[in-house]
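Undergrad: need a 3D model of the sequence below.
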Amino acid sequence: MRCPGRFPLPSAIAALSALAMLASPLRAQDAPPTKPLKATADFGYVGTKGNSDVQTLTSSDKLEWKPGKWLITQDGAAVWGTDHGVENAGRYFVGLRGERELIPHVSAYLQGSWRRNTFAAISRQFDESVGLAYHVLQPTPHQLDFEAGVGLAQRRTTLDTQDDFSTYRLAENYRYYFREKTWFDANGIFLGNFEDSNDYEWDATTALVAPIAGMLALKIGYNYHNRNAPPPGVKKWDSTLAAGIQFTY
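TA: Purely as a prediction, here's the structure:
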């Protein structure tokens with residue numbers, strides 16, 4: 001479900017850690033063997049009627065295909081909510097990425113994405129970037145990547161203004177496998193504007209996945225997004241605390 005306001009990050013991390021201890025023994029094992037095609041999708045829904053009339057829907061997907069030294073990734077996410085029939089949340093994202101290994105631990109990537117969040121005054125924004133990824137740790141049981149790149153952005157606001165600018169991108173991706181199907185993620189992205197140093201944004205995400213049965217797992221995650229210079233009247237931050245069922249193939 002969508003967090004209605006600022007959720008304390010330490011509390012979220014504590015809750016995720018507690019769930020990990022309940023889900024499985026904290027015995028580090030090797031990560032699962034690499035498959036040419038992997039797909040995950042998760043879904044969460046909360047609906048109330050009566051004294052309150054609220055609906056909240058969260059969903060995401062990730063498709064990875066690895067032909068040889070290439071890794072092709074498609075991912076998407078959505079948060080939608082209403083309160084007494086009036087939409088009060090609507091954030092959408094779709095991304096596509098191609099990555100190729102250059103030498104051990106180093107790869108090059110090319111990616112593009114589309115997003116929409118009218119409550120943050122973004123009617124639509126396209127981002128394209130190229131860069132390098134350094135795979136510091138392989139998943140045994142830790143996985144840690146750092147990325148750096150440059151690109152372009154095209155942002156259309158709900159105020160009917162168009163901003164096109166060059167960008168730089170820094171990212172960190174960390175995963176720890178408690179066991180084959182139980183892991184914890186902590187990821188961060190920083191996107192800067194070369195043409196306006198005050199116009200930057202960053203995104204932090206944590207998630208825990210624990211198996212239920214077969215291809216089904218329980219996922220709980222927390223996302224915090226901050227934009228330093230939004231239009232007047234728009235808050236700098238959005239946060240989402242979500243729990244739901246994940247399907248993995």
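Undergrad: and residue 148, what does it touch?
TA: Going by CB atoms under 8 Å, 6 or more residues apart in numbering, residue 148 touches 131-132, 168-171. (Each C-beta comes from the backbone N, C-alpha and C, glycine too.)
Undergrad: need the pLDDT of it.
TA: Note for residue 148: predicted pLDDT of 98.
Undergrad: so how far is residue 133 from it?
TA: 8 Å (CB to CB, to the nearest Å).
Undergrad: before we move on, what about residue 78?
TA: Taking CB to CB, one finds residue 78 at 26 Å from residue 133.
Undergrad: equivalent analysis for residue 207, please.
TA: On the measure of CB to CB, residue 207 and residue 133 end up 20 Å apart.
Undergrad: now residue 186
TA: The gap separating residue 186 from residue 133 is 17 Å, by CB to CB.
Undergrad: higher neighbour count, those two?
TA: residue 133 (21 against 16; other CB atoms under 10 Å).
Undergrad: isn't the more buried one right up against residue 105?
TA: No: using CB atoms under 8 Å, residue 133 is not in contact with residue 105; the gap is 9.2 Å.
Undergrad: partner residues bridging the nearest residue to residue 181 once chain neighbours are set aside?
TA: Sequence neighbours aside, residue 211 is the residue nearest to residue 181 in space, at 4.2 Å (criterion: CB to CB, 6 or more residues apart in numbering). With DSSP bridges as the criterion, residue 211 is bridged to residue 217.
Undergrad: tell me where the model's unsure across the chain.
TA: Within the chain, the segments meeting pLDDT under 70 span 1-34.
Undergrad: now the helices for it?
TA: For the chain, the helices defined by DSSP state H cover 9-23.
Undergrad: ranges for the strands of it?
TA: Taking DSSP state E as the test, the strands found in the chain are 37-48, 54-65, 70-83, 86-103, 106-117, 122-137, 142-157, 162-179, 182-193, 201-213, 216-227, 237-248.
Undergrad: partner strands of the first one, with direction?
TA: Just to be clear, that refers to strand 37-48. strand 54-65 (antiparallel), strand 237-248 (antiparallel).
Undergrad: make TSV out of those and add mean neighbour count.
TA: Shown next, in TSV, are the strands paired with strand 37-48 (neighbours: other CB atoms under 10 Å):
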stretch	mean neighbour count
strand 54-65	18
strand 237-248	18
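Undergrad: who's in contact with the most centrally placed residue in the chain?
TA: Centroid-nearest residue in the chain: residue 205, 5.9 Å away (criterion: CA atoms, centre = their mean). With contact set as CB under 8 Å, 6+ apart, residue 205 has these partners: 185-188, 221-224.
Undergrad: before we move on, what about residue 95?
TA: 73-76, 111-114.
Undergrad: quick check, nearest of these to residue 54?
TA: residue 76 (23.9 Å; CB to CB).
Undergrad: which strand residues bridge that closest one?
TA: With DSSP bridges as the rule, residue 76 is bridged to residue 61, residue 94.
Undergrad: test my guess that it contacts residue 60.
TA: Yes: with contact defined as CB under 8 Å, residue 76 and residue 60 form a contacting pair (6.4 Å).
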